[in-house]
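sharing a model prediction with you, sequence too.
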Amino acid sequence: MLKRSPLMALIAALLLALTACQSAAPAATPTPVAPTVESTLAPTVPAPTVPAPTEVPATSTPEPPATLDTAGWRELLSYVSPEYLDRRSGDVIGPGIGLLDVAQVRADLSIPMISGEDPSKAKINLILGLNTQGFGLKPLDSTSPSFFGTWGWDIADVDQVLLFHEDYTYIVRGRFNNSAIKAAFEKQGYQSSAQGEFTLYLKEVKPPKHQQPQFAWKADTLIIGETEAAIKSLIERKASGKPGLDEAPALQAVLERSMGRWGVYFAPPGSMSGYAYWLKIHSMLASESSVYRAWVEARSGQDAAIAWDVMAVSWQGKLPSDLQFLYVYGTEQQAADDVDLVKSSMTDAPDFNHNRPWSKVLTDVTVERERNVIIGQATTTNEGLLGSAIQNEEWALLPIRVGASAASAAQPSATRPDVTALDNGWYLYTMQSDGFALPLPPHWVQVDLRAGAIDAMLAPLMEKNPRFKEIMSDQVRQALKAGFKFLGFDFPDDATSDSYAAANVMKVPNTGGMPLETVARTLLNQYNEATFVVKPVKMQRVRLPVGEAREYQFHEKLVDATGKAREIAITQCLIVSGEDLYLITLSAMSDQAEAYAADFEQIIQGFQLVK
């Protein structure tokens, strides 16, 4: 037996973690939970307690308006993976989603029920009401007078819209004239094919055009985008029955507080990499004002960070419109620490584009906190603040910690991946600080490894299935203690089942620069000695896009926390890259191994090393 070394430390950690990787609960980021029944801003699960020097009392918050429910928005959000909130960008805020409730606009303006075929004044009033909202429906403008004649529907037929601002893919719910839409597609040369409950209408892009809208349609829903892959991935995700973005805990406060409003735009935090550049650009605009110059100089060259998990701005009414800013945090203390920052951002921060403070744009400003949510209320006559306009570099409005306070923001890049949609509908999770990226199918979920996040993620899953508490909570913590850099899971369709597929990545220093074969043989020997590993263990050489690797296949037997015996099929891949060792572990119940084989192979082949 070899003496304990950095390599043996890796193996010891691995053997510990192997007992955890399959039993661990597939805690999503954000966690999929059942829709809340009662209207409350409180998280579905109490946030982990964070010690604080002094107790910060929560302020009172007005009750949410008793108007239309958000069933329509929730239905649209169910097409989207809950992992969307983990996507990042080079901007201060991540990729945003806009929701527009045309039905609510119609109700508030007392506009009768009309259709796209009606050339009535009522439609004009609806369009005028919507035009004040700064919410464009690109690349197709369904408010155009000629739109119905081209496409067989227009804004008058629409009830709710979900819009992805990064690529202008959107999902529309409404009361459509089926024959008119079908005739419009056929007239324009679209080819149809079945895709689940939907019919795809696709058309080849021919020069000089560079883009051509593609469609999927069923009776009350249209999905519109520039690529077939984007549309199909939404349909497949919805058809999988997996929890959607509508069940993400961080969005519950946003949806409940946006109830009965005309629209809402929300986004996760982005990256601070673009913040310094933004300050540099605006320092030139600030040169005309000593106040603005001081504001920029106080932030330039300082560490900056965002503590909130989701920001949202919602609006209601023609100008002057009522605005609501929401910031959802992981803990109550984080929210309490940012209350004053939100107040100053909404009043004293500069509006660089118009050389004025935001107090000249926003009136009747109030800022309150309820548990882990900060709510800012204001009135504005500036339509540029509505809809998606917040994404257009109005970042001075956002609460961003600078200097010493930035260190306390709970957004460590070392454990929060950047998420990129791939052409095949999968997602690529890039752990920049750990030097790797891993692809996962769209219905898989990734575990938030931030400190303090595990309890909040596990509790909703335990609520769905009481066995989770015994089986999974301790095992997830063991896996984290073992040093996982990445965790991902695939839920069963049956919420009462406790069988899962799992993916994890470990990274440890390759002290001494040991060659791949030496590490691989040592690991093989350890597996052959492990009592819970079913013999024989198969090891083979494989060639990956990142280089040569060693792949292991074996089964392990273990007894979970409830006393249930399990046999798990394991596929592993060992990669040596300079001074680092990477071990990818993929696992499934032994009777499901064949079903997951193709996905496991694609995950391993898609592993990337990044700088």
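Structure's in. What do you need? Numbering: from 1, shown residues only.

stretch 149-161: end-to-end distance?
With C-alpha to C-alpha, to the nearest Å applied, stretch 149-161 spans 21 Å between its terminal residues.

separation between the spatially closest residue to Q324 that is not a sequence neighbour and A107?
Distance criterion C-beta to C-beta, 6 or more residues apart in numbering; nearest residue to Q324, sequence neighbours excluded, is S314 at 4.8 Å. Placement of C-beta: from N, CA and C, glycine included. Applying C-beta to C-beta, to the nearest Å, the value for S314 to A107 is 16 Å.

ditto for L234
Distance from L234 to A107, by C-beta to C-beta: 28 Å.

higher neighbour count, those two?
L234 (23 against 13; other C-beta atoms under 10 Å).

what helix or strand is the more buried one on?
Using DSSP states H and E, L234 maps to helix 228-239.

buried set for that helix?
Across helix 228-239, burial judged by 16 or more other C-beta atoms under 10 Å covers 228, 230-238.

which strands or helices does that helix pack on?
strand 169-174, strand 198-202, strand 214-218, strand 221-225 (3 or more C-beta pairs under 8 Å, 6 or more residues apart in numbering; DSSP states H and E).

can you add mean neighbour count and give the ones you listed back as CSV?
Output for these, formatted as CSV (neighbours: other C-beta atoms under 10 Å):
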stretch, mean neighbour count
strand 169-174, 22
strand 198-202, 20
strand 214-218, 21
strand 221-225, 22
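
closest one to F484 among the ones you listed?
For F484, the closest of those is strand 169-174, at 32.9 Å, according to C-beta to C-beta.

what pairs with the closest one, parallel or antiparallel?
According to DSSP bridges, strand 169-174 forms sheet pairs with strand 158-164 (antiparallel), strand 221-225 (antiparallel).

for the record, mean pLDDT for the helix holding L234?
Computed over helix 228-239, the mean pLDDT rounds to 89.

contacting residues around it?
78-81, 167, 169, 171, 195-198, 200, 202, 214-216, 223-225, 244, 421, 423-425, 442-443 (C-beta atoms under 8 Å, 6 or more residues apart in numbering).

can you get me the start-to-end distance on stretch 102-120?
17 Å.

buried residues, it. List them.
102-106, 108-109, 111, 114-117.

between these, which is nearest F148?
Nearest member of the buried residues of stretch 102-120 to F148, counting by C-beta to C-beta, is G116, at 4.0 Å.

so the closest one makes contact with F148?
Yes. Assessed by C-beta atoms under 8 Å, G116 is found in contact with F148 at 4.0 Å.

sheet partners, orientation included, of the strand or helix carrying R543?
Taking DSSP H and E as the definition, R543 sits inside strand 533-544. Here strand 533-544 has these sheet partners by DSSP bridges: strand 547-559 (antiparallel).

name the residues of the partner strand that are buried.
549-556.

now that strand: mean pLDDT?
The model assigns strand 547-559 a mean pLDDT of 90.

what is the mean pLDDT for the following helix or strand past that strand?
Counting by DSSP H and E, the next helix or strand C-terminal to strand 547-559 is strand 565-577. Average pLDDT, strand 565-577: 91.

show me what strand 565-577 is packed up against.
Using 3+ C-beta pairs under 8 Å, 6+ apart, strand 565-577 is in contact with helix 516-529, strand 533-544, strand 547-559, strand 580-589, helix 593-605.

other SSEs contacting the last one?
Under the contact criterion of 3+ C-beta pairs under 8 Å, 6+ apart, the helices and strands touching helix 593-605 comprise strand 436-440, strand 533-544, strand 565-577, strand 580-589.

compare those strands and report which one is nearest to L255.
strand 436-440 (25.9 Å).

what angle do that closest one and strand 580-589 make?
Going by axes from the mean of the first three to the mean of the last three C-alpha atoms, to 10 degrees, strand 436-440 is angled at 20 degrees with respect to strand 580-589.

after strand 436-440, next one along is what?
Criterion used, DSSP H and E; the element after strand 436-440 is strand 445-446.

still on that earlier bit, mean pLDDT lowest where, among the strands paired with strand 169-174?
strand 158-164 (a mean of 90).

name the residues that touch it?
72-73, 75-77, 79-80, 95, 97-103, 135, 137, 142, 169-175, 388.

switch the cut-off to 7 Å
Applying C-beta atoms under 7 Å, 6 or more residues apart in numbering, the contact partners of strand 158-164 are 72-73, 76-77, 97-103, 137, 142, 170-174.

what about these, which are in helices?
Taking DSSP state H, the ones among those that sit in helices are 72-73, 76-77, 102-103.

what residues sit buried inside stretch 417-425?
So, applying 16+ other C-beta under 10 Å, buried residues of stretch 417-425: 417-419, 421, 425.

repeat for stretch 586-603
586-590, 592-593, 596, 599-600, 603.

from the chain's centroid, how far away is it?
From the chain centre to the centre of stretch 586-603 is a distance of 25 Å (C-alpha atoms, centre = their mean, to the nearest Å).

which residues touch the residue nearest to L524 when sequence neighbours are not counted?
Among residues not flanking L524 along the chain, M539 sits closest, at 5.1 Å (C-beta to C-beta, 6+ apart). Counting by C-beta under 7 Å, 6+ apart, M539 touches 520, 524, 550, 552.

relative to D418, how far out is the closest residue to P268 other than its chain neighbours?
Using C-beta to C-beta, 6+ apart and skipping residues adjacent in sequence, the residue nearest P268 is G94, 4.1 Å away. In this view, G94 and D418 are 9 Å apart by C-beta to C-beta.

same question for G174.
35 Å.

ok, what's across the strand from the nearest residue to D101 once chain neighbours are set aside?
On the basis of C-beta to C-beta, 6+ apart, the spatially nearest residue to D101 that is not a chain neighbour turns out to be Q160, at 5.5 Å. Q160 has these beta-bridge partners by DSSP bridges: D101, R173.

burial of Q160, as a residue count?
So Q160, with other C-beta under 10 Å, has 22 neighbours.

so F147 sits against D157, correct?
No. Contact criterion C-beta atoms under 7 Å: F147 and D157 do not qualify, at 10.2 Å.

quick one, which of those two is more surrounded?
Ranked by neighbour count (other C-beta under 10 Å), F147 and D157 place D157 first, with 23 against 18.

mind checking how far the helix holding L234 is from the chain centre?
Per C-alpha atoms, centre = their mean, the centroid offset for helix 228-239 relative to its chain is 16 Å.

next: stretch 436-445.
The answer for stretch 436-445 is 13 Å, by C-alpha atoms, centre = their mean.

swap in stretch 186-197?
Relative to its chain's centre, stretch 186-197 lies at 30 Å (C-alpha atoms, centre = their mean).

what about it, average pLDDT?
Mean pLDDT, stretch 186-197: 94.

just the buried residues of it, please?
Here stretch 186-197 shows 190, 195 as buried, counting by 16+ other C-beta under 10 Å.

for stretch 365-380, same thing?
365, 367-378, 380.

from those, which land in strands?
365, 367-370, 373-378, 380 (DSSP state E).

just the closest of those to S499, please.
V373 (35.5 Å).

tell me the secondary structure at the residue nearest to that closest one when sequence neighbours are not counted.
Leaving aside its chain neighbours, V373 sits nearest to A253 (4.7 Å; criterion: C-beta to C-beta, 6+ apart). Here A253 is recorded as helix under DSSP: H, G, I helix; E, B strand; the rest coil.

A253 against Y327, yeah?
No. In this structure, A253 is not within contact of Y327 by C-beta under 7 Å, at 9.6 Å.

please identify which of the two sits among more neighbours.
Legend: neighbour count by other C-beta under 10 Å for A253 and Y327, higher for Y327 (29 against 25).

list the beta-bridge partners for that one.
Counting by DSSP bridges, Y327 is bridged to M311, I374.

residues contacting it?
By C-beta under 7 Å, 6+ apart, the neighbours of Y327 are 308, 311, 338, 342, 374, 399.

can you rerun that using 10 Å?
253-254, 306-312, 334-335, 338-339, 341-342, 345, 367, 369, 372-376, 398-399 (C-beta atoms under 10 Å, 6 or more residues apart in numbering).

same thing with K203?
Going by C-beta under 10 Å, 6+ apart, K203 touches 185, 188-191, 209, 212-215.
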